[in-house]
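Student: Dropping the sequence and predicted coords here.
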Amino acid sequence: MRCTAKQTETRMLDEEKEGVNYKDRSTRSENFFILQLDHLRIRAGRSGVQYCEFQGYINDKKWNCLDSSYMTSLETLKYLLKNQLFKDLEKYDLFNQHILWTYDKSSYTFQHYLLGASSLLCKTTSKLERILFDVYKNQIIMNSYDYGVIIPEPFFFPSHLKQILHKVLLDLRFKSIQYVPESLLYCFGSGIRNAIIVDVSWEGVYIIPVYDLRVLNSSVKATNRGYKILHYSGSRTLDVNDFDSVFYELEKYAAYSASVEEVKGIFFPSEDNEHPLDDEEQSVSKLLMELVQELPIDIRKELQNKILVTNKFLVPHFREILQEEVGSIGTKIFSPLDVWQCTSLYADYFLS
């Protein structure tokens, strides 16, 4: 099925669409609460509405236990940012108040948490408990006993974080918990069964082929050129005196002020013999073209005409640059619905 950009935003799968209407909550077999987590933010709400009912940053003061001694470390944090010492930054406890997880943290297992060996996992569990209790008791007034939970699952979602979420949500007495891969949700929301998802994430960019609503895991490509590099790129000119404003200023810079040249340098670097790139540092466009060429011939054309660039993190000029760089192989690039909206559609059409 060939979709225009407008159709991509409005049409559901043809074979599922006939005879299906949004259901009133009172007539559904089960009501669903959608919980979307990424490295920086949490979004939540009941399915069946177009927009989430709550959105907040992980570093909200009411969810963090910062004492006055942490504030004395602001100058150290600013020094690490301005000098681009990101590996040191991610070991910094104050930094960890702003990020729910990184893959360095993910080396811990849930068993470590149960044995009390990781204070970091204990802090993550405690924070999630505070966040979720506040969300469903104060932000979205609801009775957890009446709802199942759907969690859009990012690619490479840490297994220990899933186990912590499972524990916390069951303690809060939700009826059921299910994880659905984000790549499939983008397809559901776009009304297609086949696509290549270009997922711009905090830690990297993941290029995920989906055929007949199945993720082709063996063909997935990845680069470590993630959104966090762009997020930090404005830090050399950062001049703030309040710790809480640091990440907001960086986020604002990444989403609205980054130039075309800067985005190209981060996500689409050129390579020459004098400056070869490691396998995990390749350009997004190069990886996409490699993936298309490596696909089986019978599905290649179908997938390369439906490339969806995710919008969890706003990267100015990204889609236009990607279209320009891969246009020679006849690809067509679209922006799907927001993942929260896709999940809401999935819950109403496929689970009710």
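Tutor: Perfect, I can see it now.

Student: Could you tell me the average pLDDT over stretch 148-155, please?
Tutor: The pLDDT scores in stretch 148-155 average 93.

Student: Please work out which residues outside it touch it.
Tutor: 30-38, 47, 162, 165, 169, 174-183, 185, 199, 201, 206, 208, 220, 339-340, 342-343, 346-347, 351 (C-beta atoms under 8 Å, 6 or more residues apart in numbering). C-betas here are computed from N, CA, C, even on glycine.

Student: for stretch 163-181, same thing?
Tutor: So stretch 163-181 is in contact with 30, 33, 35, 37, 110, 113, 121, 124-125, 128-129, 132-133, 136, 144-153, 155, 157, 162, 215, 343, 346, going by C-beta under 8 Å, 6+ apart.

Student: Compute the first-to-last residue distance for that stretch.
Tutor: Using C-alpha to C-alpha, to the nearest Å, one end of stretch 163-181 lies 16 Å from the other.

Student: And that stretch, how far out from the chain middle?
Tutor: Chain-centre distance of stretch 163-181: 19 Å, with C-alpha atoms, centre = their mean, to the nearest Å.

Student: what does stretch 280-293 give?
Tutor: In terms of C-alpha atoms, centre = their mean, the centre of stretch 280-293 is found 20 Å from the chain centre.

Student: And the pLDDT for Phe95?
Tutor: Reported pLDDT for Phe95: 56.

Student: quick one: which helix or strand includes Val326?
Tutor: In this structure, Val326 sits in helix 318-326 according to DSSP states H and E.

Student: contacts for that helix?
Tutor: Contacts to helix 318-326, defined as C-beta under 8 Å, 6+ apart, come from residues 198, 200, 260, 263-264, 267-268, 283-285, 288-289, 309, 331, 333, 335.

Student: Go again with 6 Å.
Tutor: Residues outside helix 318-326 that contact it (C-beta atoms under 6 Å, 6 or more residues apart in numbering): Lys264, Phe268, Ser285, Leu288, Met289, Val309, Ile333.

Student: Among those, which one has the most neighbours?
Tutor: Leu288 (23 neighbours; other C-beta atoms under 10 Å).

Student: Which helix or which strand is home to it?
Tutor: helix 284-294.

Student: Against which helices or strands is the helix or strand immediately after that helix in the chain packed?
Tutor: The helix or strand immediately downstream of helix 284-294 is helix 297-304, counting by DSSP H and E. If contacts are counted by 3 or more C-beta pairs under 6 Å, 6 or more residues apart in numbering; DSSP states H and E, helix 297-304 sits against no helix or strand.

Student: tell me the mean pLDDT over helix 297-304?
Tutor: Helix 297-304 shows a mean pLDDT of 91.

Student: Mind listing what's buried along that helix?
Tutor: For helix 297-304, the neighbour count (16 or more other C-beta atoms under 10 Å) marks Arg300, Glu302, Leu303, Gln304 as buried.

Student: Name every strand pairing with the next helix or strand after that helix and say which way it goes.
Tutor: Counting by DSSP H and E, the next helix or strand C-terminal to helix 297-304 is strand 307-309. Sheet pairing of strand 307-309 (DSSP bridges) gives strand 195-200 (parallel), strand 333-334 (parallel).

Student: could those strands be laid out in TSV, adding mean pLDDT and distance to Val326?
Tutor: Below are the strands paired with strand 307-309 laid out as TSV (pLDDT from 0 to 100; distance: least, C-beta to C-beta, whole Å):
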stretch	mean pLDDT	distance to Val326
strand 195-200	95	10
strand 333-334	86	8
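
Student: tell me the most buried of those?
Tutor: When you average the neighbours per residue for each of the strands paired with strand 307-309 (mean count of other C-beta atoms under 10 Å), strand 195-200 leads with a mean of 25.

Student: roughly how far is that strand from the heart of the chain?
Tutor: On the basis of C-alpha atoms, centre = their mean, strand 195-200 sits 12 Å off its chain's mean C-alpha point.

Student: Now do the helix or strand just after that strand and strand 195-200, the angle between them.
Tutor: Using DSSP H and E, the helix or strand that follows strand 195-200 in sequence is strand 205-211. Strand 205-211 runs at 160 degrees relative to strand 195-200, counting by axes from the mean of the first three to the mean of the last three C-alpha atoms, to 10 degrees.

Student: Give me the residues contacting strand 205-211.
Tutor: With contacts defined as C-beta under 6 Å, 6+ apart, strand 205-211 is touched by 155, 183, 187, 194-199, 216, 219-223, 225, 284, 287-288, 291, 299, 303.

Student: Please find the angle between the direction vectors of the helix holding Leu288 and helix 318-326.
Tutor: Relative orientation of helix 284-294 and helix 318-326, computed by the same axes, to 10 degrees: 50 degrees.

Student: what packs against helix 284-294?
Tutor: Using 3+ C-beta pairs under 6 Å, 6+ apart: helix 284-294 touches strand 205-211, strand 221-223, helix 318-326.
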